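Participant: I'd like to go over a predicted model; first the sequence, then the structure.
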Amino acid sequence: MSTITFSTGGMMVAVMALTTYFIRVTPLALFNKKLESQWIKDFMYYIPFCVLSAMTFPDVLFSTKSLTSGIIATVVALLLSWRKHSLVTVALAAVIAAVIVELAMPYILAW
Amino acid sequence: MTSKSIGLGYIPVSFTFGLVAVQMGFSPWLAVFISLTNLASAGQFAGIRLIEGGASVIELCMTTLVINLRYFLMSLTLTQKIAPKMALWKRCIIAFGVTDEIFVLASIQKKDVQFPFYAGLMTLPIVGWTLGTFLGAFAAELLPPIIQACMGIALYCMFIALIVPPATDDRFVLVAVLISIAMSCMFKYVPGINVISQNGGGWSMIISAVAAAAICATFLKRKNTVTDQGKEAEA
């Protein structure tokens, strides 16, 4: 059942879209210079990795039905991405691992 | 890598976005609309989490700003790359198509990038991104509940796949990532300051990421800073 529709969430979605467009259009529309500051360049270099890791941890562990499957799927994802597998492979393998753990859980607990 | 392969590559990611958004309670068409108007993966995923969590407009704005800050740098780099006399309205159109992959494709061109070229480049990725969301949003109810319950982890695992390779290749990135994670955990678990991670955790993410990047930019001097965006991960 959808609880967030155009009428309830449309305004927030518009805010999001406008902010994103604002970031992209400002330099292209206004600037014509080269970026000089090394600090800013370095900061910009680190930012994507920092953002993604702060978004992922610790929340990833709680993103499935149980903590056990969350931890196991996270380990699977870490190993596969360490071996440089593609985004889609890593994501699919983690989902499959989580589903298997969830399916096996009742049996393991009963045993 | 061509425009077509970017478009195809976007489909699984946006499929997951559609699926996750609908599970969170977004209507399928609103999910499609988000993809069509934002064209930003990590930004969209964070955005729906914040909206669902009931975050304020300011928090949503700030989070979107920080997550998508890299587009600013790409757009800035593009100003050096596009035909100098390109009209303002044309610049305003191609600005919408500044994503990690499209940017990389445009920046490896030898000549100045002309408007028709960039406009052509961004078309299929936009179609792929929107179409994938549509498919995911409408497939959401067809998947068995146990798979649905585990799909949410797909997004985080894609983030892991984006972070781990550069972190193993570049020790500075590893340090940045670990500081960011440590702060994010602190904001979640340390009593008193864990109020910060309410409503989807926008502030927690902003403070952790900005502080970690600032610390690393100050103390870890990188040697070769030729345009790194090419190597930077899709996010």
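Facilitator: Sure thing, it's come through.
Participant: okay, CA-based contacts and neighbour counts for the rest of this
Facilitator: Fine.
Participant: measure A:A91 to chain B for me?
Facilitator: Here the criterion is CA to the nearest CA, to the nearest Å. By it, A:A91 lies 5 Å from chain B.
Participant: ok, A:M11 next?
Facilitator: For A:M11 relative to chain B (CA to the nearest CA), the value is 9 Å.
Participant: give me the number of residues near that residue?
Facilitator: Applying other CA atoms under 10 Å in any protein chain shown, we find 12 residues neighbouring A:M11.
Participant: how about the helices in the chain?
Facilitator: No chain was given, so I picked chain A. For chain A, helices defined by DSSP state H occupy the ranges A:6-30, A:38-56, A:67-82, A:87-110.
Participant: correction: the question concerned chain B.
Facilitator: So, for chain B - with DSSP H - the helices run B:3-24, B:28-38, B:41-53, B:57-67, B:69-79, B:88-95, B:100-107, B:115-139, B:145-169, B:171-189, B:202-219.
Participant: by how many degrees do the fifth one and helix B:88-95 diverge?
Facilitator: For helix B:69-79 and helix B:88-95, the angle between their directions (axes from the mean of the first three to the mean of the last three CA atoms, to 10 degrees) works out to 140 degrees.
Participant: and helix B:69-79, what does it pack onto?
Facilitator: Helix B:69-79 sits against helix A:6-30, helix A:38-56, helix B:100-107, with contacts defined as 3 or more CA pairs under 8 Å, 6 or more residues apart in numbering or on different chains; DSSP states H and E.
Participant: hmm, back to that, let's have the helices of chain B in JSON lines, adding mean pLDDT.
Facilitator: Below are the helices of chain B laid out as JSON lines (pLDDT from 0 to 100):
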{"stretch": "helix B:3-24", "mean pLDDT": "84"}
{"stretch": "helix B:28-38", "mean pLDDT": "96"}
{"stretch": "helix B:41-53", "mean pLDDT": "88"}
{"stretch": "helix B:57-67", "mean pLDDT": "91"}
{"stretch": "helix B:69-79", "mean pLDDT": "84"}
{"stretch": "helix B:88-95", "mean pLDDT": "94"}
{"stretch": "helix B:100-107", "mean pLDDT": "82"}
{"stretch": "helix B:115-139", "mean pLDDT": "94"}
{"stretch": "helix B:145-169", "mean pLDDT": "85"}
{"stretch": "helix B:171-189", "mean pLDDT": "94"}
{"stretch": "helix B:202-219", "mean pLDDT": "91"}
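Participant: and those: which comes nearest A:A93?
Facilitator: Smallest distance to A:A93 across the helices of chain B (CA to CA): 8.8 Å, for helix B:145-169.
Participant: helix A:38-56 and the closest one, what's the angle between them?
Facilitator: 150 degrees.
Participant: chain center to helix B:145-169, what's the gap?
Facilitator: Distance of helix B:145-169 from the chain centroid (CA atoms, centre = their mean, to the nearest Å) equals 14 Å.
Participant: also stretch B:22-34?
Facilitator: 18 Å.
Participant: and it with chain A, contact?
Facilitator: Yes. Counting by CA under 8 Å from any CA of the partner chain, contacts between stretch B:22-34 and chain A involve B:V22, B:G25, B:F26, B:S27, B:L30, B:I34.
Participant: and the helices of chain A, which is most packed in?
Facilitator: Among these, the stretch with the highest mean neighbour count (mean count of other CA atoms under 10 Å in any protein chain shown) is helix A:38-56, at a mean of 24.
Participant: elements contacting that helix?
Facilitator: helix B:57-67, helix B:69-79, helix B:145-169, helix B:171-189, helix B:202-219.
Participant: might you list the low-confidence residue ranges for chain A?
Facilitator: Along chain A, the parts satisfying pLDDT under 70 run over A:1, A:32-35.
Participant: mean neighbour count added to the helices and strands packed on helix A:38-56, as CSV?
Facilitator: Output for those, formatted as CSV (neighbours: other CA atoms under 10 Å in any protein chain shown):
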stretch, mean neighbour count
helix B:57-67, 21
helix B:69-79, 23
helix B:145-169, 22
helix B:171-189, 21
helix B:202-219, 23
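Participant: out of the ones you listed, nearest to B:G120?
Facilitator: Using CA to CA, the nearest of these to B:G120 is helix B:69-79, at 15.9 Å.
Participant: which residues are contacting the closest one?
Facilitator: The contact list for helix B:69-79, computed with CA atoms under 8 Å, 6 or more residues apart in numbering or on different chains, reads A:23-28, A:31-34, A:44, A:47-48, B:95, B:98-100, B:103, B:107, B:229.
Participant: with A:V99 as the reference, measure out to A:L80.
Facilitator: 17 Å (CA to CA, to the nearest Å).
Participant: equivalent analysis for A:I23, please.
Facilitator: The gap separating A:I23 from A:V99 is 39 Å, by CA to CA.
Participant: and what of A:I72?
Facilitator: Taking CA to CA, one finds A:I72 at 11 Å from A:V99.
Participant: kindly report the same for A:D59.
Facilitator: 18 Å.
Participant: ok, back up a step: closest to A:T89 out of the helices and strands packed on helix A:38-56?
Facilitator: Between the helices and strands packed on helix A:38-56, helix B:145-169 lies closest to A:T89; by CA to CA that is 8.9 Å.
Participant: A:L92 versus the residue most central in space within chain B, what's the distance?
Facilitator: In chain B, the residue lying closest to the centroid (CA atoms, centre = their mean) is B:A42, at 3.1 Å. From B:A42 across to A:L92, the span is 18 Å (CA to CA).
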